[in-house]
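K.L.:
Fold the following, please.
(chains A and B, ligands or ions: 2)
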Amino acid sequence: MKGMVIVGGGHAAAQNAASLRQQGYTGHITLFSEEHYIPYQRPPLSKEYLADQQSLDRLYLRPERFYEERDIDLRLGVRVSEINTKTNNILTTTGDVLAYEKLLIATGSRARLLRVPGDQLSGIHYLRQLDDVNNIKKELRDSSKICIVGGGYVGLEVASVLISAGHQVTIIESESRILKRVTTPKMSSLFHTLHTAKGAKIYTEAVVQGFLGSKRVEYLNCGDLTIPTDMVIIGIGIIPNIEVAKKAGITCDNGIIVDDRCQTSDPNIFAAGDNTNHPNTILNRRLRLESVPNAMEQARVAAANMLGQDKKYASLPWFWSNQYDLKLQMMGFSADGDSQAIRGDIETKKFVVFYLNEDKLVAVDAINSPAEFMIGKKLYGKAVNHTDLSNTNFDLGSLLK
Amino acid sequence: MPKIKFIEHNGIEHIIDAINGDSIMQSAINNLVPGIDADCGGECSCATCHVIVDSIWIDKVGIPSNTEDSMLALNPDREPNSRLSCQIEISDKLDGVVVNLPEFQY
Ligand SMILES: Cc1cc2nc3c(=O)[nH]c(=O)nc-3n(C[C@H](O)[C@H](O)[C@H](O)COP(=O)(O)OP(=O)(O)OC[C@H]3O[C@@H](n4cnc5c(N)ncnc54)[C@H](O)[C@@H]3O)c2cc1C
Ligand code: FES
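P.N.:
Ligands and ions are numbered 1, 2, ... in the order given. As a prediction, the model looks like this:
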């Protein structure tokens, strides 16, 4: 009784199971997740859920009965340890063996660890899984001073929630500016100013050397700088979970290599989500992305192809982040641009930066400007005029006609 | 439990029992109603949960907020009763509501 087997329990895994059923598959679907929860949304972990504005029920992607009614067998708290591509079986850490007709690897990614002296003290956290956030929340009441290591989107979202809740927040960034890996100096400086104005202290070019304390962390040390702290939250990036695939002989290189149908080097095995290194035909290059829209779309594409169709992945990369009263939406890679057009007023916190390469639109950063963002997504790759883009009296919508 | 009727672009109807407090988007996702992608999970960031509310119901459902309105503005399938379904909360007063699904989400 072979069926579809899904390894992983995040956005991609849950969407794949749902898409398989939606497309009429009636065979067995078994989903293995090493986490103990039914699949849930990760973005709110650093936003509404951390801020106590979203209940656990509302964090789940779908309610438990969904899986029961659709006969999707959830094996929670079970890790898949091996894939045998010769016999088409998987092996779990609990010793179970299960045969698959087609397999989806949706193992996502994990937090990159900061290995320094003192890293085993209590009060030092990462923020990737629901358990991480629940642990952080338990300790928040007794923590007034909090250090966040890493000024990426997750770190800055956490900072905005904690500052709004009245904590003293220090952000430690090893690069010369926050968000350096993902955005331009202008945007970095905007976010730097915003967080500082709200009361965060930001240290750039500060490299954590270690943590001090007897049982619980009491100080964070960055060489010359020693900062007293009640809690540390580390967000210094992720590592794709490719080990199971690699061990099975599936081709991996900065992620599991898939084609535009989400198929791996083994024709019976597909992959979707944070763990894939996939071709993007719109951007003309291979990408490994960390975003929900990508995980969802790859999961849909993989489901169709697991059922013998021929569906191709062709989506623009995009992402969102909420900090204080700022809603940021980003599309494409700003580094692809050789010039910019700014529309709106940075002071009013409602503006858009369009990035152009030889007059073609290649990326958009939109702050509190969802309409302009949507237009930007549609204009990708099209020739546009700087003056039109930055003229707020010019109707952007007319460019779509 | 309030009932919601979804009508797909091809005319196929889905009548589901919804839960008060859920959004219409979440009810569609929870019941595998096709035609709603909801990529952002209800953050009002993606506009892939577009529905067209039956005109008899639009007064009870209400009009979109400014943010929602500007996200809908560019949708080629937009109609006067278009809404982003993640922004419509279900309550008893919406029992029996009818929403139409567009052919594509953008
Ligand atoms: C705090 C935070 C905030 C974020 N905010 C945003 C945002 O605002 N917008 C956005 O687009 N993206 C955001 N992201 C990124 C987004 O959450 C990820 O891109 C997305 O979760 C990827 O989905 P996935 O299914 O590929 O992997 P994951 O969600 O990582 O799920 C993988 C699952 O598989 C399990 N697993 C791994 N290996 C095995 C195994 N061998 N056997 C069984 N189970 C296994 C893991 O435990 C995990 O549960 C955020 C991420 C974090 C951590
Ligand atoms: S689900 Fe994304 S806007 Fe409604």
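K.L.:
show me the contacts for the residue positioned nearest the centre of chain B.
P.N.:
In chain B, the residue lying closest to the centroid (CA atoms, centre = their mean) is B:S85, at 3.1 Å. Neighbouring residues of B:S85 by CB atoms under 8 Å, 6 or more residues apart in numbering or on different chains: B:S23, B:I24, B:M25, B:A28, B:I36, B:C49, B:H50, B:V51, B:V99. C-beta: built from backbone N, CA, C; applies to glycine.
K.L.:
Looking at those, spot the one nearest chain A.
P.N.:
B:S23 (9.6 Å; CB to the nearest CB).
K.L.:
For that closest one, give its distance to B:V99.
P.N.:
12 Å (CB to CB, to the nearest Å).
K.L.:
Neighbour count: these two, which is higher?
P.N.:
Ranked by neighbour count (other CB atoms under 10 Å in any protein chain shown), B:S23 and B:V99 place B:V99 first, with 24 against 20.
K.L.:
hang on, that one in a strand?
P.N.:
Yes - B:V99 forms part of a strand when assessed by DSSP: H, G, I helix; E, B strand; the rest coil.
K.L.:
what about the closest residue to it other than its chain neighbours, which helix or strand?
P.N.:
The spatial neighbour of B:V99 that comes closest, neighbours along the chain excluded (CB to CB, 6 or more residues apart in numbering or on different chains), is B:V51 at 4.3 Å. If you go by DSSP states H and E, B:V51 is part of strand B:50-53.
K.L.:
Strands along chain B, start to end?
P.N.:
B:3-7, B:13-17, B:50-53, B:82-84, B:97-100 (DSSP state E).
K.L.:
Residues touching stretch A:194-210, excluding its own?
P.N.:
By CB under 8 Å, 6+ apart, the list of residues contacting stretch A:194-210 from outside reads A:114, A:116-119, A:149, A:151, A:156, A:159-160, A:163-164, A:168-178, A:192, A:220-223, A:225, A:323-324, A:326.
K.L.:
if I read this right, A:E34 contacts A:S81, doesn't it?
P.N.:
No - A:E34 is beyond contact range of A:S81, at 9.9 Å (criterion: CB atoms under 8 Å).
K.L.:
Neighbour count: those two, which is higher?
P.N.:
Shown here are A:E34 and A:S81; by other CB under 10 Å, A:E34 has more neighbours (19 against 15).
K.L.:
so how far is A:Q329 from the more buried one?
P.N.:
Distance of A:E34 to A:Q329, computed by CB to CB: 32 Å.
K.L.:
ditto for A:T281
P.N.:
23 Å.
K.L.:
quick one, which of those two is more surrounded?
P.N.:
A direct count of neighbours by other CB under 10 Å for A:T281 and A:Q329 places A:Q329 higher, at 26 against 11.
K.L.:
The one helix or strand that one maps to - contacts with which helices or strands?
P.N.:
Using DSSP H and E, A:Q329 sits within strand A:326-332. Under the contact definition 3 or more CB pairs under 8 Å, 6 or more residues apart in numbering or on different chains; DSSP states H and E, strand A:326-332 sits against strand A:318-323, strand A:360-367, helix A:370-379.
K.L.:
Give me the distance from that strand to the chain's centre.
P.N.:
Offset of strand A:326-332 from its chain centre (CA atoms, centre = their mean, to the nearest Å): 14 Å.
K.L.:
Quick one: residues in contact with it.
P.N.:
A:182-183, A:194, A:283, A:316-322, A:349, A:355, A:362-370, A:373, A:376-377, A:380, B:45, B:67.
K.L.:
Quick check: mean pLDDT of that strand?
P.N.:
Strand A:326-332 shows a mean pLDDT of 94.
K.L.:
cool, and stretch A:124-138?
P.N.:
Rounded mean pLDDT across stretch A:124-138 is 97.
K.L.:
Is the helix or strand of chain B with the lowest mean pLDDT in proximity to chain A?
P.N.:
When the helices and strands of chain B are compared on mean pLDDT, DSSP states H and E, helix B:66-72 comes out lowest with a mean of 88. Yes - using CB under 8 Å from any CB of the partner chain, helix B:66-72 reaches chain A at B:T67, B:S70, B:M71.
K.L.:
Which residues are in contact with the closest residue to ligand 1 within the stretch 151-300 of chain A?
P.N.:
Residue of the stretch 151-300 of chain A nearest ligand 1, by CB to the nearest ligand atom: A:G273 (2.1 Å). By CB under 8 Å, 6+ apart, the residues touching A:G273 are A:G8, A:G10, A:H11, A:A12, A:A13, A:A106, A:T107, A:G108, A:N294, A:A295, A:Q298, A:A299.
K.L.:
And for residue 18, the neighbour number?
P.N.:
If you meant another chain, say so; for now it's chain A. 25.
K.L.:
hmm, I had chain B in mind actually
P.N.:
22.
K.L.:
Next one, pLDDT for A:K382 please.
P.N.:
So, for A:K382, pLDDT stands at 95.
K.L.:
Likewise for A:D57?
P.N.:
90.
K.L.:
my guess is it is in a helix, correct?
P.N.:
Yes - with three-state DSSP as the criterion, A:D57 is part of a helix.
K.L.:
Any idea how many residues pack against it?
P.N.:
11.
K.L.:
go on, A:Q209?
P.N.:
Neighbours of A:Q209 using other CB under 10 Å come to 15.
K.L.:
tell me how far the least confident helix or strand of chain B is from the chain's mean position?
P.N.:
14 Å.
K.L.:
Skipping adjacent residues, who's closest to B:V53 in space?
P.N.:
B:N81 (4.5 Å).
K.L.:
so who does the one you found touch?
P.N.:
Counted by CB under 8 Å, 6+ apart, B:N81 has contacts B:I52, B:V53, B:D54, B:S55, B:I58.
K.L.:
Got a quick ChimeraX command for the buried subset of these?
P.N.:
Only the buried members of the contacts of B:N81 end up in this ChimeraX selection, burial being decided by 16 or more other CB atoms under 10 Å in any protein chain shown:
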select /B:52,53,54,58
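K.L.:
Who are the packing partners of the helix-or-strand element of chain A with minimal mean pLDDT?
P.N.:
Between all helices and strands in chain A, the lowest mean by mean pLDDT, DSSP H and E belongs to helix A:370-379, at a mean of 90. Applying 3+ CB pairs under 8 Å, 6+ apart, we find helix A:370-379 packed against strand A:326-332, strand A:350-357, strand A:360-367, helix B:66-72.
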